[in-house]
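In: Sharing a sequence plus its predicted fold:
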Amino acid sequence: MQPTSKLFEPLTLRHRTLRNRVNFGAHTANMAEDGLPGARHLGYYLERARGGAAMIVVEPIPVHQTARLTRGNFRHQDDAVISGFRRITEACKAEGSVMIHQLYHVGQHGDYDLSYAANWSPSGLPSYHDGDGSHRMSDSEIETIISCFVEAALRAQASGFDGIELFGAYHALIDQFWLPWSNRRDDRWGGTFLNRMRFSTEITSRIRKAVGDDFIIGMATSVDESVDAAMQTETLQEIARYHDERALIDYITCGTGSYFDYGGIIPTFHYADKLGAPYAEALKSVCRHTRVQAESHLRTPENALAVIASGQADMVSIVRGQIADPYWVTKVADGRHDEVRGCISCNQMCWGRRSRDYWISCLVNPSAGREFEWGGDRFVKTDAPKKVLVVGGGPAGLEAARVAAERGHRVTLAEAGAQLGGQFRLAGMQPRREQILDLLAWYERQLNRLGVTILMNAPLDPDEIAAWDADRVIVATGSQPAGTGFQRSLPDMATLPGVEKPNVWSVENVMTRAARLGEHVILVDDTGDWRGLGTALEIARRGHRVTVVTGWATLGEFLRRTGGDKIARARLRQAGGSWITESCVTAWEGKSARVRNNLDGAEQRIAADSLVLATTNVADTWLHDSLRETHSELGVELIGDALAPRLAVAAIYEGRVLGQSI
């Protein structure tokens, strides 16, 4: 992959020239402070500009009170945002990025808890965000919203943006007007195709008149072919052709999913790569003047190169990829694509945090959102190199070793097993989670590049560690299965009756293939995440019949925030799996489980051959405790699951913080 490839050719977009074809597309970072862009936003976008992004589309601003959707939204209809945005646009443009601001209104799918206003929509249909209905807009209210879009564009221009992007994706207000399903009006705003195009026509033409020729107008769109009522490819082609023929927009970007099927908007690893490329290609076939951008699960350099080289799109939007590695573009342009820290499509800290109304971050890159505090995703070399020993090669130990070595310390990593990765590697062996294994391979390449000494099959005892004479010792020995069968639904039952029987296994036993599973497996899911659901998928993939019993109201309860739960349940159902929610296992009898419903106490006995426990682990603190007792003079740090069993995000974060503190 050479810098001369088409991916790195400049592209003219109205009055600006993009330095390459890789953009950092719009997404809600949710970082506003009192509705204003501040230091967190500046650091976040500036790091991607420094990393080579050709065009940055800053997260959407609601154009009206009825458009407010998150706590971290920017203030609507308020010039107070201009000075903060100018700091961002000037800094990023100085690094070579073209700056665009997305303007949005989600119409019937708003959020009253944040807007304290009724949702405005073309036809007053129900919200798919919650159980609310919406208000059918009057003619004058439609004119009000059009004026708000124009005012927001002028505000963006005053803020130093090179253009704006209109949000016509995922069945928001603009595409609610486009689609007959949601536009059931019989006035000049609905009915015929031309009438349904009137709303976006008025917005774009009035913005152009207000801002002049030297200003980019883009349009975000999406296709969701899983639901007939949503935007279909041929319909969007007709809409794109209409806007292209009238020169209403300069570029169009096409994603996937919608409010009808939210999982496709930010696809997890269960979805195919290059998900949005065919839809971009369909738009490119009908657009003569409008530039076309592909987005949606274009994670890797290979994906981006293929989309551009094949002519499916003029440019690509790589969002999660550049959250995971803000220097994605520069590394690929320099031919260092094997150094790109890849997104693993987990959605835990980007969409997962946003869905809880926090500012976003990243599991594999904890500097995301903290650039202004940490100085970006870069490291300052130490003036006093130290000898550092890291014990444990899971995600916490890997990140601590990498970061300490980046800072110039002499690092040795000792792993007791035959492979690096710890339980994170087992997670990567679950169906379709190979991206985790790719990340672990990246860590190995980075440690070798940095000169870290890696010792495999090297369990160390306290005396051996003391003899190492290290300046800093980091213990990242992880966690172990509890083996008790404790379930949150049964807080007074410390140990599950029958847990000692020989056909009871842990998730670790299953994933390492140490478990000898029978034909029918009952899996107790007490964590509500991939530990249970992902292991159930693996059991089903091996040909066993699996029944999941979980105390949570939904299988994959804590995966809902990532948008990855529905498709995973569908895959488990297709594989013959079943589940019982809001229930617990009260006893394992060797060939059957007693299952109690948590709502009414009703019990049933389910015959099965094996029991698998997906429960919370316990910290492996033996080494740390022994070192404190026998070698208290050593400065020993405890991180990751050895500190407290949690998800990989905590391990990597703690490894990063500790590594850069040495």
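Out: Yep, it's here. Numbers count the residues shown, from 1 in each chain.

In: Do you have the strands of the stretch 451-600 of the chain handy? List them.
Out: Ranges of strands in the stretch 451-600 of the chain, per DSSP state E, counting those that start in this stretch, are 453-455, 472-475, 479-480, 504-506, 520-525, 545-550, 578-580, 583-588, 592-597.

In: now those strands as JSON lines including mean pLDDT?
Out: Listed next are the strands of the stretch 451-600 of the chain as JSON lines, based on pLDDT from 0 to 100:
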{"stretch": "strand 453-455", "mean pLDDT": "98"}
{"stretch": "strand 472-475", "mean pLDDT": "97"}
{"stretch": "strand 479-480", "mean pLDDT": "98"}
{"stretch": "strand 504-506", "mean pLDDT": "98"}
{"stretch": "strand 520-525", "mean pLDDT": "98"}
{"stretch": "strand 545-550", "mean pLDDT": "98"}
{"stretch": "strand 578-580", "mean pLDDT": "98"}
{"stretch": "strand 583-588", "mean pLDDT": "98"}
{"stretch": "strand 592-597", "mean pLDDT": "98"}
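
In: got TSV for these, with distance to Leu426 too?
Out: (Glycine included, C-beta is placed from N, CA and C.) Listed next are those as TSV, based on distance: least, C-beta to C-beta, whole Å:
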stretch	distance to Leu426
strand 453-455	20
strand 472-475	20
strand 479-480	12
strand 504-506	10
strand 520-525	15
strand 545-550	17
strand 578-580	22
strand 583-588	23
strand 592-597	24
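
In: Put together TSV for those, with distance to Val388 and mean neighbour count on each row.
Out: Converted to TSV, the strands of the stretch 451-600 of the chain look like this (distance: least, C-beta to C-beta, whole Å; neighbours: other C-beta atoms under 10 Å):
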stretch	distance to Val388	mean neighbour count
strand 453-455	10	15
strand 472-475	5	25
strand 479-480	23	19
strand 504-506	32	20
strand 520-525	38	24
strand 545-550	41	23
strand 578-580	45	17
strand 583-588	44	22
strand 592-597	47	18
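
In: Of those, which is nearest Gly397?
Out: Of all the strands of the stretch 451-600 of the chain, it is strand 472-475 that lies closest to Gly397, at 6.8 Å by C-beta to C-beta.

In: Can you tell me the closest non-neighbouring residue to the residue most central in space within the chain?
Out: Among the residues of the chain, the one closest to the centroid is Asn347, at 2.7 Å (C-alpha atoms, centre = their mean). Excluding the flanking residues, the one nearest Asn347 by C-beta to C-beta, 6 or more residues apart in numbering is Thr562, at 3.7 Å.

In: Let me see the contact set for the one you found.
Out: Counting by C-beta atoms under 8 Å, 6 or more residues apart in numbering, Thr562 touches Thr268, Cys346, Asn347, Gln348, Trp351, Gly352, Ser355.

In: one more time with 7 Å
Out: With contact taken as C-beta atoms under 7 Å, 6 or more residues apart in numbering, Thr562 is in contact with Thr268, Cys346, Asn347, Gln348, Trp351, Gly352.

In: Same check on Val388?
Out: Val388 neighbours (C-beta under 7 Å, 6+ apart): Ala404, His409, Arg410, Val411, Ala470, Asp471, Arg472, Ile474, Ile662.

In: where does it land in three-state SS?
Out: Of the three states, Val388 takes strand according to DSSP: H, G, I helix; E, B strand; the rest coil.

In: Who does it form a beta bridge with?
Out: Beta-bridge partners of Val388, counted by DSSP bridges, are Val411, Arg472.

In: per-residue confidence for it?
Out: Per-residue pLDDT puts Val388 at 98.

In: Asp214 too?
Out: Confidence score, pLDDT, at Asp214: 97.

In: Who are the contact partners of it?
Out: Contacts of Asp214 (C-beta under 7 Å, 6+ apart): His15.

In: what about it, helix or strand, and which?
Out: For Asp214, there is no host helix or strand (DSSP states H and E).

In: Likewise for the one 3 residues further on?
Out: When secondary structure is defined by DSSP H and E, Ile217 falls within strand 216-223.

In: Any buried residues in that strand, and which?
Out: Ile216, Ile217, Gly218, Met219, Ala220, Thr221, Ser222, Val223 (16 or more other C-beta atoms under 10 Å).

In: what do you get for stretch 482-497?
Out: Buried residues in stretch 482-497, counted by 16+ other C-beta under 10 Å: Ala482, Gly483, Gly485, Phe486, Gln487, Ser489, Leu490, Leu496.

In: what's the answer for stretch 59-74, then?
Out: 59-64, 66-70, 72-74.

In: try stretch 77-90
Out: Val81, Ile82, Gly84, Phe85, Arg87, Ile88, Thr89.

In: Surely the fourth one is in a helix?
Out: Think Phe85. Yes. Assigned with three-state DSSP, Phe85 falls within a helix.

In: picking up where we left off before, quick one: which of the strands of the stretch 451-600 of the chain is nearest Thr512?
Out: strand 504-506 (9.4 Å).

In: helices and strands around that closest one, which ones?
Out: Where contact means 3 or more C-beta pairs under 7 Å, 6 or more residues apart in numbering; DSSP states H and E, strand 504-506 is packed against strand 610-614.

In: Can you list the neighbours in contact with the strand it packs on?
Out: By C-beta under 7 Å, 6+ apart, strand 610-614 touches 485, 503-507, 510, 517-518, 521-527, 531-532, 535, 588, 593.

In: One more: stretch 122-136?
Out: Contacts for stretch 122-136 (C-beta under 7 Å, 6+ apart): 108-112, 118-121, 137, 176-177, 182-185, 189-190, 259-260.

In: What of stretch 454-466?
Out: 389, 391, 412-418, 447, 473, 623, 626-627, 630-631, 634.

In: Now intersect those residues with the helices, please.
Out: Counted as lying in helices by DSSP state H, out of the contacts of stretch 454-466, are Leu447, Leu623, Ser626, Leu627, Thr630.

In: Quick one: buried ones out of those residues?
Out: Applying 16+ other C-beta under 10 Å to these flags Leu447, Leu623, Leu627 as buried.

In: The last one against Val636, yeah?
Out: Yes. In terms of C-beta atoms under 7 Å, Leu627 counts as a neighbour of Val636; the distance is 5.1 Å.

In: Let's have the ones in helices among the contacts of stretch 454-466 in CSV, adding pLDDT and distance to Ala53.
Out: Converted to CSV, these look like this (pLDDT from 0 to 100; distance: C-beta to C-beta, whole Å):
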residue, pLDDT, distance to Ala53
Leu447, 98, 28
Leu623, 96, 43
Ser626, 95, 49
Leu627, 95, 45
Thr630, 92, 52
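
In: Closest one to Leu236 out of those residues, please.
Out: Of those, the one sitting nearest to Leu236 (C-beta to C-beta) turns out to be Leu447, at 45.8 Å.

In: which ones are touching that closest one?
Out: Applying C-beta under 7 Å, 6+ apart, the residues near Leu447 are Ala401, Arg402, Ala405, Leu413, Ile454.

In: Backbone dihedrals for the first one, both of them.
Out: For Ala401, the backbone dihedrals are phi -70, psi -40 (criterion: degrees, to the nearest 10).

In: neighbours around it, how many?
Out: When neighbours are counted by other C-beta atoms under 10 Å, Ala401 registers 32.

In: quick one: it and Ala476, what's the gap?
Out: According to C-beta to C-beta, to the nearest Å, Ala401 and Ala476 sit 9 Å apart.

In: before we move on, what about the second one?
Out: Distance check for Arg402 against Ala476: by C-beta to C-beta, it reads 12 Å.

In: Please apply the same query to the last one.
Out: Distance of Ile454 to Ala476, computed by C-beta to C-beta: 14 Å.

In: quick one on the thing from earlier: dump the buried ones among the ones in helices among the contacts of stretch 454-466 to a markdown table, plus distance to His544.
Out: Formatted as a markdown table, these follow (distance: C-beta to C-beta, whole Å):
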| residue | distance to His544 |
| --- | --- |
| Leu447 | 37 |
| Leu623 | 36 |
| Leu627 | 42 |
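
In: Appreciated, that's everything.
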